[in-house]
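A.B. asks: quick one, what's the 3D model for this:
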Amino acid sequence: MIGNEVRRRGISLLPPDVCSSSIDFTVEQGAIRVGLKQIKGLSTASLESIVNAREQAAYVSPLDFVVRTTIPQDSLENLMRCGALDSLCSHR
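C.D. replies: Numbers count the residues shown, from 1 in each chain. Take a look at the predicted model:
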């Protein structure tokens, strides 16, 4: 629904990314970045863990992300499936 309207208006829709997404939708260089809250199965505690750890220092690898956050395995799998960890590695 929102994706169709965004495309119709010529606005880019950027995927969720643990390195740059906030909890909610944000504007990033004229595009809309999907918020982490849109990913199925992420609890409020998981969302806060991702953002708080990232505020301390940027994630440098998938292992760094896993070590520094408290994310249950099923939530981690959802992050991987939707591509939110793609900026940390070259392949899923």
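A.B. asks: give the residue spans of this structure that score low on pLDDT.
C.D. replies: Within the chain, the segments meeting pLDDT under 70 span 1-2, 92.
A.B. asks: hmm, 50 instead?
C.D. replies: By pLDDT under 50, the chain has no low-scoring segment.
A.B. asks: remind me, longest helix of it?
C.D. replies: Assignment by DSSP state H gives helix 44-56 as the longest helix of the chain.
A.B. asks: which other helices and strands does it contact?
C.D. replies: Judged by 3 or more C-beta pairs under 8 Å, 6 or more residues apart in numbering; DSSP states H and E, helix 44-56 is in contact with helix 62-68. The way it works is simple: take the backbone N, C-alpha and C, and place the C-beta from them, glycine included.
A.B. asks: if we can go back for a sec, the longest helix of the chain: how far from the chain's middle?
C.D. replies: 11 Å (C-alpha atoms, centre = their mean, to the nearest Å).
A.B. asks: if you count neighbours, what's buried in that helix?
C.D. replies: Residues of helix 44-56 classed as buried under the neighbour-count rule (16 or more other C-beta atoms under 10 Å) are 46-47, 49-50, 53-54.
A.B. asks: okay, now Thr26: neighbour count?
C.D. replies: Residues near Thr26, counting by other C-beta atoms under 10 Å, number 14.
A.B. asks: which residues sit in contact with the closest residue in space to it that isn't next to it in sequence?
C.D. replies: Leaving aside its chain neighbours, Thr26 sits nearest to Arg33 (4.9 Å; criterion: C-beta to C-beta, 6 or more residues apart in numbering). Each residue near Arg33 by C-beta atoms under 8 Å, 6 or more residues apart in numbering is listed here: 14, 16-17, 20-22, 25-27.
A.B. asks: got those residues as a markdown table, with distance to Arg81 and secondary structure columns?
C.D. replies: Formatted as a markdown table, these follow (distance: C-beta to C-beta, whole Å; DSSP: H, G, I helix; E, B strand; the rest coil):
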| residue | distance to Arg81 | secondary structure |
| --- | --- | --- |
| Leu14 | 17 | strand |
| Pro16 | 11 | coil |
| Asp17 | 14 | coil |
| Ser20 | 18 | coil |
| Ser21 | 15 | coil |
| Ser22 | 20 | coil |
| Phe25 | 20 | coil |
| Thr26 | 22 | strand |
| Val27 | 25 | strand |
